[in-house]
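Colleague: with the input below, show me the fold.
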Amino acid sequence: MCLAIPALIKKIEGKEAEVEIGGISRRISLWLTPEAKTGDYVLLHTGYAINIIDQDEAKETLKLFEQMDEAAD
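Modeller: Model (predicted):
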């Protein structure tokens, strides 16, 4: 089973992007999603954006991750 995490694209430079995940910035590859643009949410898996997703879906997924984290504490 694989896990992909929603990430918000903040800046694009060529085939790479700077994304934000829970307040942390990372550089990722856009080779699999060349149509992605700044402001899009993408599903991030092993450093690659594998799909563009709807903002509402991304926010709901991030909210579920937060709830799981709180329950684990």
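Colleague: where does Glu70 sit, in terms of helix or strand?
Modeller: helix 55-72 (DSSP states H and E).
Colleague: elements contacting that helix?
Modeller: strand 5-13, strand 41-45 (3 or more C-beta pairs under 8 Å, 6 or more residues apart in numbering; DSSP states H and E). No exception for glycine: its C-beta is placed from N, CA and C like everyone else's.
Colleague: deepest in the core, which of those strands is it.
Modeller: strand 41-45 (a mean of 21; mean count of other C-beta atoms under 10 Å).
Colleague: figure out how far it is from the centre of its chain.
Modeller: The chain centroid and the centroid of strand 41-45 are separated by 3 Å, computed with C-alpha atoms, centre = their mean, to the nearest Å.
Colleague: circling back: how far is the helix holding Glu70 from where the chain is centred?
Modeller: From the chain centre to the centre of helix 55-72 is a distance of 13 Å (C-alpha atoms, centre = their mean).
Colleague: okay, the angle between that helix and strand 41-45?
Modeller: 50 degrees (axes from the mean of the first three to the mean of the last three C-alpha atoms, to 10 degrees).
Colleague: rewinding a little: and of the helices and strands packed on helix 55-72, who's closest to Phe65?
Modeller: Minimum separation from Phe65 across the helices and strands packed on helix 55-72 (C-beta to C-beta) falls at strand 5-13, 7.5 Å.
Colleague: now the closest one and helix 55-72, what's the angle there?
Modeller: 130 degrees.
Colleague: pLDDT score assigned to Pro6?
Modeller: We have a pLDDT of 96 for Pro6.
Colleague: leaving aside the residues next to it on the chain, what's closest to it?
Modeller: Once flanking residues are discounted, Pro6 sits nearest to Ala58: 3.7 Å by C-beta to C-beta, 6 or more residues apart in numbering.
Colleague: let's have the helices and strands packed on helix 55-72 in TSV, adding distance to Trp31.
Modeller: As requested, the helices and strands packed on helix 55-72 are exported to TSV (distance: least, C-beta to C-beta, whole Å):
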stretch	distance to Trp31
strand 5-13	12
strand 41-45	12
